[in-house]
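In: sharing a model prediction with you, sequence too.
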Amino acid sequence: MAVSSILARPAAAVTSPWLLAAVRHRFLLAAAALLLMPALVPFTALATSILVYGLYAVGFNLMFGYLGALSFGHAALFGAGAYGCGIVLASLGWPWWLALAAGTASGFAMAAALGTIAIRARGIYFSMVTLALAQCVYYAFYQAAGVTGGENGLMLPALGRIRVAGLALDGDAPLTRYYIVAAFVILALFALSRILASPFGAALEAVRENEARARASGYDVAATRLLAFALSGAFCGLAGALQALQLSIVPIETLSIDTSGLAVMMCLLGGAGTYFGPFVGAAAFLLLEASVSVWTVHWQLAVGAVFVACVLFFRRGLWGSVVAWVGR
Amino acid sequence: MLDGLTWDLVALQLFTGLALGAVYVLLAVGLSLIFGMLTVVNFAHGAFYLVGAYVGYEVLTLGGSFWLSLAVVPAAVGLLGLAVERVLIRPLYGRSVDDPLLLTFGLGYVITELVRIAFGKSGLPFDTPDALQGAADIGIGFFPLYRLFVMAVTAAVLLALWVALERTRFGLIIRAGARDPVIVRVLGVDVATVWLAVFGIGTAIAGLAGLMAAPLQGVAPEMGSTILAEAFVVTVVGGMGSLAGAVAAGLVVGVVVSMTSLVAPEMAKVSIFALMAVVLLVRPQGFFGRAGLMSG
């Protein structure tokens, strides 16, 4: 509802056949872009971070861009995925791919639990409630040091040699690891394209545009909002799990307010409500951070200032502006 | 562990909770004032609180007294608030309600980082003023003088706010403007200036809250973002935009934290958020919130 004024462009306004084709095949285009990314980004670890945070922003965008609900508590979902994956790896010794599934499920379950309370609030109240609930999760995980490692964080075993489809791969080699992560991110992007194309995807946008009218049209608004939050949690949970594999540690800061803010900033920087914007936003944010931190430790100042300028003058974000320009 | 509990101890802890709640009340009143009038959820409120603590620290370092900082801090943080409203927030009126929220969120980042640049990353000690050290007998036991002082300052601010809002023409305009800014503008009132003043007053109180908290916990760049979430809990529990709600909820939250730390110290932080979850499930609009606000 809140973001609709900026985002909504009636589909009928799109006339260019090229753009229509691009929209129809946006999943394939996005997948191709991600497969080519290591060639475009200065170093591979940064490219992997862009994948992970891009997917995190994708999960956030499902709520913010497509449903119009601004959450400030997505760190709890990302963190649930990271800890869910980390705990089964470190304590139970599950194989890595099962740990990823556990992380995704943890994100989904955490979102379903928090969502039950949070979706009762709308608009900016939703933002405040999600932020407060995420703080609650932070302190709970901080206290449960026996399972989570508390303030020291959770240490994970290295990925080591892994077998995929009969091939033995070195999971600790940067480029190999990039493509392992990319495979899961692309899988998630495919799922997202199916979700958005489904009747549920239409319900999301209907609720965003006009909740009262959506309800009158027979949509179950509460269920739509809750399911969107839970699915958003599954995407963010997978991102958190991939992050845990990538870093071999889950620091407690994963659950902090700053991590929640990261999703908001990356999504807005790239363009809320666009399919590929979250990755552009994650890339812009991480490249900005990497280049500013070369000459000052106070890179957050630059990032914060860019974000403020974005809200004031550049509300569509980088990718959103490109899409709007092409769509004219 | 519970064997050691006496009624005096419980009463004293209850009183400690009220003193703790006083800082929450100051923060939540500022947030609610700004929200009720401007519909701006000020995510930079914690940063203004942070600046208040550091301005107080600077006054002391330059040789000033705590009493001087009591005047300097609200003035300085209030002026900063005026500048922020005029330059950054005013262009956003009439746009989506998310915009000022997002802007103040980014601004909080910027202010916190500027404080880090000026004062370093580590926390700094902040002594309790000499005259307020020690404890006073309040009938149920000895209670730190400084905490009594914090409660007195909060009461004075609330009284001043009440008089200003209920007994002056300015207050009348504010209350009318919160209901219907268009009609107030039609009646010839310069609403923009009123909003500017309200934002300045709200941030000045946030700065004062930061100064009040400084001798209790020292000053550190992280203090703003931690308190922000708790201040939001208080405003949500009290009912957004309701000043009476902010006061009641601030005290309740203080007491809940204080009582939880008596029986289960490790759950003290979580108890704030558990309280909010319960209140939201039972009464989504908060103690004194208007029904329907939460669903709008």
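Out: Perfect, thanks for sending it.

In: not counting sequence-adjacent ones, nearest residue to B:P74?
Out: Excluding the flanking residues, the one nearest B:P74 by CB to CB, 6 or more residues apart in numbering or on different chains is B:A204, at 4.0 Å. Bear in mind the C-beta positions are built from the backbone N, C-alpha and C, glycine included.

In: my guess is the one you found meets B:L82, correct?
Out: No. Using CB atoms under 8 Å, B:A204 is not in contact with B:L82; the gap is 9.3 Å.

In: quick one: contacts for the residue of the stretch 1-150 of chain A found nearest chain B?
Out: The nearest approach of the stretch 1-150 of chain A to chain B comes at A:C136, 3.3 Å away (CB to the nearest CB). By CB atoms under 8 Å, 6 or more residues apart in numbering or on different chains, the residues touching A:C136 are B:270, B:272-274, B:277.

In: as CSV, those with secondary structure, pLDDT and neighbour count would be great.
Out: Below are those laid out as CSV (DSSP: H, G, I helix; E, B strand; the rest coil; pLDDT from 0 to 100; neighbours: other CB atoms under 10 Å in any protein chain shown):
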residue, secondary structure, pLDDT, neighbour count
B:V270, helix, 87, 20
B:I272, helix, 90, 23
B:F273, helix, 87, 23
B:A274, helix, 87, 15
B:A277, helix, 83, 18
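
In: among these, which are in reach of chain A?
Out: B:270, B:272-274, B:277 (CB under 8 Å from any CB of the partner chain).

In: just name the closest of those residues to A:A140, please.
Out: A:A140 has its nearest neighbour among the ones next to chain A among the contacts of A:C136 in B:V270, at 5.7 Å by CB to CB.

In: re earlier: out of the contacts of A:C136, the closest to chain A would be?
Out: Using CB to the nearest CB, B:F273 comes nearest to chain A of the contacts of A:C136, at 3.3 Å.

In: spit out the contact partners of the closest one.
Out: Per CB under 8 Å, 6+ apart, neighbours of B:F273: A:132-133, A:135-136, A:139, B:233.

In: closest one of those residues to B:G56?
Out: Of the contacts of B:F273, the one sitting nearest to B:G56 (CB to CB) turns out to be B:V233, at 24.9 Å.

In: from A:A263, how far off is that closest one?
Out: For B:V233, the distance to A:A263 equals 21 Å [CB to CB, to the nearest Å].

In: these two: which has the busier surroundings?
Out: More crowded of B:V233 and A:A263, by other CB atoms under 10 Å in any protein chain shown: A:A263, with 31 against 28.

In: what separates the more buried one from B:Q285, distance-wise?
Out: With CB to CB as the criterion, A:A263 and B:Q285 are 28 Å apart.

In: equivalent analysis for A:P42, please.
Out: 51 Å.

In: between the two, which is the more surrounded one?
Out: Here A:P42 and B:Q285 are set side by side on neighbour count (other CB under 10 Å), and the busier one is B:Q285, at 21 against 10.

In: helix, strand, or coil at the more buried one?
Out: Counting by DSSP: H, G, I helix; E, B strand; the rest coil, the backbone at B:Q285 sits in coil.

In: so for it, what pLDDT did the model give?
Out: Reading off the confidence values, B:Q285 has pLDDT 81.

In: flag the shaky bits of chain A, pLDDT-wise.
Out: A:1-15, A:160-161, A:163-168, A:171, A:328 (pLDDT under 70).

In: the residue in the stretch 201-328 of chain A positioned nearest to chain B: how many residues sit nearby?
Out: Proximity to chain B, evaluated over the stretch 201-328 of chain A using CB to the nearest CB, is greatest for A:G304 at 3.1 Å. For A:G304, the number of neighbouring residues by other CB under 10 Å comes to 23.

In: tell me which helix or strand it sits in.
Out: helix A:299-313 (DSSP states H and E).

In: enumerate the positions of that helix that are buried.
Out: A:299-304, A:306-308, A:310-312 (16 or more other CB atoms under 10 Å in any protein chain shown).

In: picking up where we left off before, could the contacts of B:F273 go into TSV alongside secondary structure and distance to B:L103?
Out: TSV is the format used below for the contacts of B:F273 (DSSP: H, G, I helix; E, B strand; the rest coil; distance: CB to CB, whole Å):
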residue	secondary structure	distance to B:L103
A:A132	helix	21
A:L133	helix	23
A:Q135	helix	22
A:C136	helix	26
A:Y139	helix	28
B:V233	helix	22
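
In: tabulate those (JSON lines), appending distance to B:T6.
Out: Converted to JSON lines, the contacts of B:F273 look like this (distance: CB to CB, whole Å):
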{"residue": "A:A132", "distance to B:T6": "34"}
{"residue": "A:L133", "distance to B:T6": "36"}
{"residue": "A:Q135", "distance to B:T6": "33"}
{"residue": "A:C136", "distance to B:T6": "31"}
{"residue": "A:Y139", "distance to B:T6": "29"}
{"residue": "B:V233", "distance to B:T6": "30"}
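
In: and the two most separated of those?
Out: A:Y139 and B:V233 (12.2 Å).

In: neighbouring contacts of the helix holding A:G304?
Out: A:265, A:268-269, A:285, A:288-289, A:292-293, A:296, A:317, B:88, B:91-92, B:99, B:102-103, B:105-110, B:112-114, B:117.

In: cool, and stretch B:75-95?
Out: A:5, A:308, A:311-312, B:38, B:40, B:44, B:48, B:51-52, B:55, B:99-100, B:103-104, B:107, B:192, B:195-196, B:199-204, B:206-208, B:210.

In: which residue ranges of chain A form strands?
Out: For chain A, the strands defined by DSSP state E occupy A:154-155, A:161-164, A:167-170, A:249-250.

In: and what of chain B?
Out: Secondary structure of chain B (DSSP E): strands located at B:135-137, B:142-144.

In: what's the burial count for the residue nearest to B:P74?
Out: Neighbours of B:A204 under the rule other CB under 10 Å: 24.

In: and the one 10 residues further on, by the same measure?
Out: Neighbourhood size, B:A214 [other CB under 10 Å]: 28.

In: now do B:A264
Out: By other CB under 10 Å, neighbour count at B:A264 equals 12.

In: same question for B:P215.
Out: For B:P215, the count of nearby residues is 23 (other CB under 10 Å).

In: who's in contact with it?
Out: Residues in contact with B:P215 (CB under 8 Å, 6+ apart) are B:126-129, B:132, B:146.

In: check the nearest residue to it once chain neighbours are set aside and give its pLDDT.
Out: Nearest residue to B:P215, sequence neighbours excluded (CB to CB, 6+ apart): B:T128, at 4.3 Å. Looking at B:T128, its pLDDT reads 88.

In: relative to A:I186, how far out is B:T128?
Out: As judged by CB to CB, B:T128 and A:I186 stand 59 Å apart.

In: quick one: which of those two has more around it?
Out: Ranked by neighbour count (other CB under 10 Å), B:T128 and A:I186 place A:I186 first, with 20 against 17.

In: which residues touch the more buried one?
Out: A:30-31, A:34-35.

In: hang on, the earlier thing: of the contacts of helix A:299-313, select the buried ones using a PyMOL command.
Out: Buried members of those, defined by 16+ other CB under 10 Å, are picked up in PyMOL with:
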select buried, (chain A and resi 265+268+269+285+292+317) or (chain B and resi 88+92+99+102+103+105+106+107+108+109+110+112+113+114)
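
In: give me every residue in the stretch 101-250 of chain A lying close to chain B.
Out: So the stretch 101-250 of chain A meets chain B at A:117, A:120-125, A:127-129, A:131-133, A:135-136, A:139-140, A:143 (CB under 8 Å from any CB).

In: what about these, which are in helices?
Out: Among those, DSSP state H puts A:117, A:123-125, A:127-129, A:131-133, A:135-136, A:139-140, A:143 in helices.

In: write a PyMOL command that selects only the buried members of these.
Out: Burial among those is assessed by 16+ other CB under 10 Å; the matching PyMOL selection reads:
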select buried, chain A and resi 117+123+124+125+127+128+129+131+132+133+135+136+139+140
